[in-house]
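Curious how this folds, go ahead:
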Amino acid sequence: MGIRVIELPWPSKHLTPHAKGHWRPKAEATKAARAMAKAVALEKPRVKCTPDAVIYVEYWPKAFRGDVHNMHGRMKAYLDGIADAMGCDDKKFRVDFPPVWAGRDPVGKVVFRVVEGDEQ
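Residues are numbered from 1 along each chain as shown. Purely as a prediction, here's the structure:
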């Protein structure tokens with residue numbers, strides 16, 4: 001059991017719940033984000049299947065623009081990719097979405113802390 005930290009790049013603007021326009025850019029961004037999250041989560045040390053995992057999220061934008069509460073919808077593809085890597089259904093995951101930005105990052109990133117088993 002333990003804690004696994006997964007760092008991913010700032011999500012595409014096409015993943016925002018407010019995205020307008022043709023469906024294809026969102027579909028492509030969703031597919032790419034899910035695949036990237038899975039690939040990173042499969043790196044050593046690998047995330048283990050923990051259906052009741054707690055996932056803590058930190059948002060590190062390069063600029064404090066936008067509403068932190070809109071980030072929730074942008075995380076869906078990343079969370080699905082992490083669940084794919086774990087090999088388990090994410091329906092029982094408890095995801096702790098933050099109410100504030102964690103800080104600033106030169107390029108923007110999202111940090112996921114996956115807490116497995118007894119560490120909760």
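
On the three-state scheme, the most centrally placed residue in the chain is what?
Taking CA atoms, centre = their mean as the criterion, Y78 is the residue nearest the geometric centre of the chain, at 3.9 Å. When states are read from DSSP: H, G, I helix; E, B strand; the rest coil, the local structure at Y78 comes out as helix.

ok, it - contacts?
Residues in contact with Y78, defined by CB atoms under 8 Å, 6 or more residues apart in numbering, are L8, P11, A33, R34, M36, A37, V110, F112. (C-beta placed from N, C-alpha, C; glycine too.)

how about 6 Å then?
The contact partners of Y78, by CB atoms under 6 Å, 6 or more residues apart in numbering, come to L8, A33, A37.

Over to V5?
Counting by CB under 6 Å, 6+ apart, V5 makes contact with R113.

And the next helix or strand past whichever strand or helix holds it?
Here V5 is covered by strand 3-9, with elements defined by DSSP states H and E. Past strand 3-9, further along toward the C-terminus, the next helix or strand under DSSP H and E is helix 23-42.

residues contacting the nearest residue to the residue nearest to the centre of the chain once chain neighbours are set aside?
Computed as CB to CB, 6 or more residues apart in numbering, the closest residue to Y78 that is not its neighbour in sequence is A37, at 4.4 Å. Contacts of A37 were listed using CB under 6 Å, 6+ apart, and they are L8, Y78, G81, I82.
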